[in-house]
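1. no sequence on this one, just coordinates:
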DNA sequence: ATATCGATTATCT
DNA sequence: GATAATCGATATG
């Protein structure tokens, strides 16, 4: 029960309210930048994983040709039509899990895809989960830079996390905020999609080393301060 | 730095 | 049977 001497960031993290997610995906995506994703330890010996959200993409629901909700509600994408703030986890290319959070009010689809994180705590465990050997700071992006990578680092799977409530600290996987203030962001086209690829719906923390995609996707777009 | 390709499975046509 | 919101390895400039 007592958290002993927690990391400074530990004590300060508060879960986001469900109303945060009950809005259109563009606003949720933009405001998720700088928030943190937390995985509670599986047992008393486990480590809490904490990482800052540095890259996300908005998917606009049934009207967005790139969204899983485009063809309407199915068994697979049902979470997208459910209440906001829940995890939608899918398996892609036979290899990778990807994490989304549902947005909009219940009955209306919409989501934000998590694409990259900056590790803050539990780095050793992330490296273990990824099968990566750390030799220096240059190896850190291999842990959480990319949607499949960050999911693997956090042990996210469909069976374990799909439908989970990301506003609940009791859920094990949740989203919170600390005292961090976002300095600058950019908006670019989305990565790795074949439909509606030109729409500016990818949000990144400007200059952050953990953003995925390479230089090609990190220019063009709207910079703000 | 950019391009190509194989891995491997849930889902839909 | 085709496709996909990816990654890592490999090849080449």
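-> Noted; the coordinates are in hand. All of these numbers come straight from a predicted model, not from anything done at the bench.
2. which phi and psi does the residue of chain A found nearest DNA strand B have?
-> Nearest to DNA strand B, among the residues of chain A, is residue A:94, at 2.0 Å (CB to the nearest atom of the strand). Where you see a C-beta, it was placed from the backbone N, CA and C, and this is true even at glycine. Backbone torsions of residue A:94, given as degrees, to the nearest 10, read phi 70, psi 10.
3. show me the contacts for residue A:128.
-> By CB atoms under 8 Å, 6 or more residues apart in numbering, no residues touch residue A:128.
4. Spell out which parts of chain A neighbour DNA strand C.
-> Within reach of DNA strand C by CB under 7 Å from any atom of the strand, chain A has these residues: A:57, A:59, A:66-69, A:80, A:88, A:90, A:92-96, A:98, A:100, A:111, A:113, A:130, A:142, A:146-149, A:190-195, A:212.
5. worst-scoring helix or strand of chain A, pLDDT-wise?
-> The weakest-scoring helix or strand in chain A, judged by mean pLDDT, DSSP states H and E, is strand A:222-224 (a mean of 48).
6. Contacts only, for residue A:62.
-> Contacts of residue A:62 (CB under 8 Å, 6+ apart): A:69, A:70, A:72, A:109.
7. now the helices for chain A?
-> A:8-12, A:18-21, A:25-32, A:78-81, A:123-130, A:141-144, A:147-153, A:158-161, A:215-218 (DSSP state H).
8. Would you reformat the ones you listed as a markdown table and include distance to residue A:51 and mean pLDDT?
-> Formatted as a markdown table, the helices of chain A follow (distance: least, CB to CB, whole Å; pLDDT from 0 to 100):
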| stretch | distance to residue A:51 | mean pLDDT |
| --- | --- | --- |
| helix A:8-12 | 11 | 61 |
| helix A:18-21 | 18 | 98 |
| helix A:25-32 | 12 | 97 |
| helix A:78-81 | 22 | 96 |
| helix A:123-130 | 8 | 94 |
| helix A:141-144 | 6 | 95 |
| helix A:147-153 | 7 | 96 |
| helix A:158-161 | 15 | 94 |
| helix A:215-218 | 20 | 68 |
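9. Take those helices and lay them out in CSV including distance to residue A:40.
-> Supplementary listing: the helices of chain A in CSV, determined by distance: least, CB to CB, whole Å:
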stretch, distance to residue A:40
helix A:8-12, 11
helix A:18-21, 19
helix A:25-32, 19
helix A:78-81, 21
helix A:123-130, 12
helix A:141-144, 17
helix A:147-153, 15
helix A:158-161, 12
helix A:215-218, 32
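10. burial of residue A:107, as a residue count?
-> When neighbours are counted by other CB atoms under 10 Å, residue A:107 registers 9.
11. nearest residue to it other than its sequence neighbours?
-> residue A:81 (6.3 Å; CB to CB, 6 or more residues apart in numbering).
12. number of nearby residues for that neighbour?
-> 20.
13. got it, and residue A:77?
-> 22.
14. do residue A:34 as well
-> For residue A:34, using other CB under 10 Å, the count is 19.
15. Not counting sequence-adjacent ones, nearest residue to it?
-> According to CB to CB, 6+ apart, the nearest residue to residue A:34 is residue A:182 (4.0 Å).
16. and that neighbour, how many neighbours?
-> Quick note: residue A:182 (other CB under 10 Å) scores 16 neighbours.
17. who's in contact with the residue nearest to the spatial centre of chain A?
-> Taking CA atoms, centre = their mean, the centroid of chain A lies closest to residue A:114, which sits 2.8 Å from it. Going by CB under 8 Å, 6+ apart, residue A:114 touches A:37, A:53, A:55, A:56, A:98, A:99, A:100, A:101, A:147, A:150, A:151.
18. All set now, cheers.
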